[in-house]
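Peer 1: Provide a 3D model corresponding to the input given below.
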Amino acid sequence: MLPKYTLPVLALAGFAFGVYSVIHGNKPVPVAPAVIEPSQAPFKTFIAGSGIIEAKTRNIAIGTALPGLVKTLSVKVGDRVPAGALLFAIDDREAQASLAIRRADLERAKASVAEAAANLTDTQVLLKLAESVTDRRAISLEDLERRRDAVLIAQARLDGAKAAVQQAESQVTAVQVTLDRLTVRAPIAGEILQVNIRPGEFAMAGAMSMPLLVMGNLDQLHVRVDIDENDAWRFRPDGKAVAYLRGNRDFSTPLTLAYVEPFVVPKRSLTGDSTERVDMRVLQALYRFDRSRLPAYVGQQVDVFIEAPGYDALKPAGQAVPPGSAAPQ
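Peer 2: Prediction:
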């Protein structure tokens with residue numbers, strides 16, 4: 001039999017444990033320190049934007065004009081190629097066979113020209129002999145007209161044979177153009193950034209979500225900055241700009257404005273912020289920088305801060321600040 005104080009003691013202990021659990025559970029959870037400190041703007045008033053690094057020539061997506069199996073691949077990632085260098089070639093056996101046929105047709109057309117020229121010469125000689133007869137009783141007028149008509153017919157056949165030669169030459173040129181389109185060459189001097197095909201794979205023609213090759217000129221890199229349309233009115237081309245490398249704010253570099261694309265476009269690059277809108281439109285400004293000061297790669301994101309005047313400095317004269325609004329920073 002349990003002592004008479006056992007149950008009250010257990011109840012009191014349970015109550016005390018419950019109170020302790022409630023008090024301990026209501027304590028705020030300490031905020032974990034940031035793994036990487038975010039970049040801080042060096043300006044008092046500024047525009048913050050997400051930038052992505054790209055080649056000066058932009059990242060060129062290489063495709064093929066004609067679909068087919070990849071026969072040879074002449075480059076790999078990291079290769080520097082001059083303009084016009086062979087990148088890859090599509091299987092051209094069918095085009096080569098067609099070229100042989102067209103060249104044979106061209107030779108036959110040339111032979112027809114030689115035959116027509118010889119026939120014209122023969123009819124011209126016969127006409128000349130007939131016209132050299134002084135006694136008109138030795139040759140009838142009808143025979144003379146027939147020989148003249150024969151010369152005209154032979155001349156027309158020669159012209160037709162020459163036209164057939166031109167047609168055959170055009171067909172040979174058309175097949176050669178097809179062969180040239182099956183050979184993809186570098187449009188500019190630059191570096192191969194990405195290769196998404198292999199010999200034996202089927203290469204589709206037209207625009208694709210994943211290009212066959214990507215290349216660009218990396219002698220000078222650009223930062224493409226997306227400026228929120230709500231801040232576009234504060235942007236000044238002469239404002240100072242600084243870029244910080246994502247992942248290490250100790251790496252930074254001043255930026256020099258290259259140009260601004262004056263067409264506001266829908267935002268495509270997403271930063272991952274939970275409050276980020278996807279229906280936003282942005283003004284895109286491109287800046288150049290010294291590569292030696294920023295160890296960055298093409299496609300890498302950077303945090304960009306652009307010096308810009310505050311709201312109060314640019315508001316129209318006599319217009320009050322809307323209630324509840326704060327000057328943007």
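
Peer 1: Count the residues that sit near P28.
Peer 2: Close neighbours of P28, defined as other C-beta atoms under 10 Å, add up to 5. Using the backbone N, CA and C atoms, a C-beta is placed for each residue, glycine as well.

Peer 1: Look up how far V125 lies from it.
Peer 2: 116 Å (C-beta to C-beta, to the nearest Å).

Peer 1: Can you report how many residues neighbour I60?
Peer 2: The number of residues packed near I60 is 18, by other C-beta under 10 Å.

Peer 1: That one contacts L218, doesn't it?
Peer 2: No - judged on C-beta atoms under 8 Å, I60 makes no contact with L218 at a distance of 11.8 Å.

Peer 1: so what sits against both of the two?
Peer 2: G190 (C-beta atoms under 8 Å, 6 or more residues apart in numbering).

Peer 1: what's the pLDDT at D312?
Peer 2: You'll see D312 listed with a pLDDT of 71.

Peer 1: Need the three-state assignment for it.
Peer 2: Local secondary structure at D312 is given as helix here, using DSSP: H, G, I helix; E, B strand; the rest coil.

Peer 1: what's the answer for A243, then?
Peer 2: strand.

Peer 1: Any idea how many residues pack against the closest residue to it other than its chain neighbours?
Peer 2: Distance criterion C-beta to C-beta, 6 or more residues apart in numbering; nearest residue to A243, sequence neighbours excluded, is V302 at 4.4 Å. Look at V302: counted by other C-beta under 10 Å, it has 26 neighbours.

Peer 1: Equivalent analysis for A186, please.
Peer 2: Using other C-beta under 10 Å, A186 is surrounded by 21 other residues.

Peer 1: the strands in the stretch 151-300 of the chain, which residues?
Peer 2: Taking DSSP state E, counting those that start in this stretch to define them, one finds strands in the stretch 151-300 of the chain at 183-185, 190-195, 202-203, 213-216, 221-228, 241-245, 252-266, 281-288.

Peer 1: Quick one: closest of those to A65.
Peer 2: When the strands of the stretch 151-300 of the chain are compared by C-beta to C-beta, strand 183-185 sits nearest A65, at 8.2 Å.
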